[in-house]
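1. would you be able to build a 3D model of this:
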Amino acid sequence: MSNKVLCAAEIEAYWANGYAFVENALSPPQLAAIQGDFAAWVEESRGHSEPYGDTPADRPRFDLEVDHTPQRPALRRVASPVDVSDAYLEVMRNNRALDAVAQLIGPNVEYNNSKINAKQPGSATEVRYHQDFMFQPHTNEDLIAVLFFLDDVTLENGPLKVVPGTHRGDLFDHWHDGVYTGTVSAEVEAAHVGRAVPVYGPAGSACLMHTRLLHGSAPNNSDAPRTLFICEYRAEDSKPLQVNHLPSRHEGEVVRGVRTNRVRCSAYEMEYPEVPTGASFFSQQAKAGGAAR
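-> The predicted model follows:
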């Protein structure tokens, strides 16, 4: 039986602001297990000089920063870790944040996709402002990304920054001058970034984020890593309208409730996103320098 993780005031705040924070989203054994697997992947990455590994989409699973070296490994993305780690799969299926997701968009919830985004100390990786929904059209917008903190997230190590309330506003173009950049225009960012709020907290916590919420993050200028396991869930009656940009053999698994075989549609318009061909969306956002900025 699912536990009530969010109180009524927290649920109301989520729908008003587009995000919620859950302490102790992972048990200590869960946190230790996924930290251990990620540490092993970082060590493995020392033996590679370019993105590597296989996914169901025939794209690399492990993405490296451009300044990655064996002496200073900079693994920045693991696509669909639930496909190659029992620890990540167990967390995806059973965690306190998922109980909160079921309170918000349940009772029937499916797994959509997952990834690890990591910023090693001094990492130059920046996540430019975007809305997740613009990468993944569905019949309705009841999708929630859960960002699990594998490290203590601070104001200095590149925390997530969200713009409260933007999930209730426009869907912003992520195409610019015929190029899919996976980011909003410079004008849109300038109009909203002043209201951005950092989300930080201890390892084992999680942030729940609405799929339409505008968000980004700055480089890690500290001497501490910042690693997130990002697991996205969708209402069971929200059906994908394009191929998953992070394919997984577990996509569509019902993790709370039951399968209803129903579809629910909402009214919105967007231009179909470009399905990435590289190891991660960072290669798409890199094109924003000449297009959106």
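2. what ranges do the strands span in the stretch 51-200 of the chain?
-> Secondary structure of the stretch 51-200 of the chain (DSSP state E, counting those that start in this stretch): strands located at 62-64, 75-79, 109-119, 127-130, 143-149, 160-162, 175-176, 179-180, 197-199.
3. could you list every helix and strand in contact with the first one?
-> Going back to what we said before, that points to strand 62-64. On a contact count with 3 or more C-beta pairs under 8 Å, 6 or more residues apart in numbering; DSSP states H and E, strand 62-64 meets helix 28-45, strand 75-79. For the C-beta atoms, the positions are set from N, CA and C on the backbone; glycine is no exception.
4. make TSV out of these and add mean pLDDT.
-> Conversion of the helices and strands packed on strand 62-64 to TSV gives the following (pLDDT from 0 to 100):
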stretch	mean pLDDT
helix 28-45	98
strand 75-79	95
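5. take the ones you listed and lay them out in JSON lines including distance to His210 and mean neighbour count.
-> Converted to JSON lines, the helices and strands packed on strand 62-64 look like this (distance: least, C-beta to C-beta, whole Å; neighbours: other C-beta atoms under 10 Å):
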{"stretch": "helix 28-45", "distance to His210": "24", "mean neighbour count": "16"}
{"stretch": "strand 75-79", "distance to His210": "22", "mean neighbour count": "25"}
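6. which stretch among the ones you listed comes nearest Glu65?
-> strand 75-79 (5.1 Å; C-beta to C-beta).
7. give me the sheet partners of the closest one and which way each runs.
-> With DSSP bridges as the test, strand 75-79 is paired with strand 62-64 (antiparallel), strand 109-119 (antiparallel).
8. make JSON lines out of the ones you listed and add mean neighbour count and mean pLDDT.
-> Below are these laid out as JSON lines (neighbours: other C-beta atoms under 10 Å; pLDDT from 0 to 100):
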{"stretch": "strand 62-64", "mean neighbour count": "25", "mean pLDDT": "94"}
{"stretch": "strand 109-119", "mean neighbour count": "25", "mean pLDDT": "97"}
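9. quick one: closest of those strands to Ser266.
-> strand 109-119 (16.3 Å).
10. what's the angle between the closest one and helix 28-45?
-> For strand 109-119 against helix 28-45, the angle by axes from the mean of the first three to the mean of the last three C-alpha atoms, to 10 degrees is 50 degrees.
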